[in-house]
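Chemist: What follows is a predicted protein model with its sequence.
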Amino acid sequence: MADSVWRERFAQVGTLPRLARAASPGLAGAVLASIDRSGPAAVHVGRSYLAPLGAAVAERIGAQWITLDLDEDDGALALTRGDREEAAAHDRLLAIFGPVFDGLAIASETEAAAIAERQGLNPELVPNAVQLPGGHAPRPGGRSGPSLLFVGNLTYPPNVEAARLLADAIL
């Protein structure tokens, strides 16, 4: 890499998380070739492992605002799978690239606190929820009476947190 700032970032990150290796900032040119560059003044990146690529695209288009949706605490998630090396790689990536972004978002209050503690970053809490018009969805088949369906992967900590809140505080 010709740019000393980028060389230093990657030297500090060291080994990248597996998914980040396939999303190299070198792909920024291909991304730019596929978008209309006359309009975007902001870039929103959808996962932490895409941070280097998103930052490279934002830099190349001169974005005035760049945000990163962490989606989840990838470092902690890797630890739950027993993969300490991958967890450390995610943490290094976020430590170096997190401060590049104007805003960070995460869906879980618990994960936001963990990232703040480990990284010194302050992601905004943006829950994965939508307010339905009228306060509730229509019941299928015209049935009446109470029912609840919680659909979610319970190995994903924000879903576990939501299920516990639902069971302990709401029900």
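Modeler: The structure has been received and is ready for your questions. Numbers count the residues shown, from 1 in each chain.
Chemist: so how many other residues sit close to Gly26?
Modeler: As a burial measure, Gly26 scores 11 neighbours (other C-beta atoms under 10 Å). Using the backbone N, CA and C atoms, a C-beta is placed for each residue, glycine as well.
Chemist: From Ala107, how far off is the residue nearest to it when sequence neighbours are not counted?
Modeler: In space, and not counting its chain neighbours, Gly26 is closest to Ala56: 8.0 Å by C-beta to C-beta, 6 or more residues apart in numbering. Taking C-beta to C-beta, to the nearest Å as the measure, Ala56 falls 25 Å from Ala107.
Chemist: how close does the residue nearest the centre of the chain get to Pro123?
Modeler: Central residue of the chain (C-alpha atoms, centre = their mean): Leu70, 1.6 Å from the mean position. According to C-beta to C-beta, Leu70 stands 6 Å off from Pro123.
Chemist: if I pick the closest residue to Arg92 other than its chain neighbours, what's in contact with it?
Modeler: Closest residue to Arg92 apart from its sequence neighbours, by C-beta to C-beta, 6+ apart: Val13 at 4.9 Å. For Val13, the contact set (C-beta atoms under 8 Å, 6 or more residues apart in numbering) comprises Ala89, Arg92, Leu93, Ile96, Phe97.
Chemist: Tell me which residues touch the third one, please.
Modeler: When you say that, I think you mean Leu93. Leu93 is in contact with Val13, Leu16, Pro17, Ala20, Ser48, Tyr49, Ala51, Pro52, counting by C-beta under 8 Å, 6+ apart.
Chemist: Can you give me the neighbour number for the second one?
Modeler: Applying other C-beta under 10 Å, we find 19 residues neighbouring Leu16.
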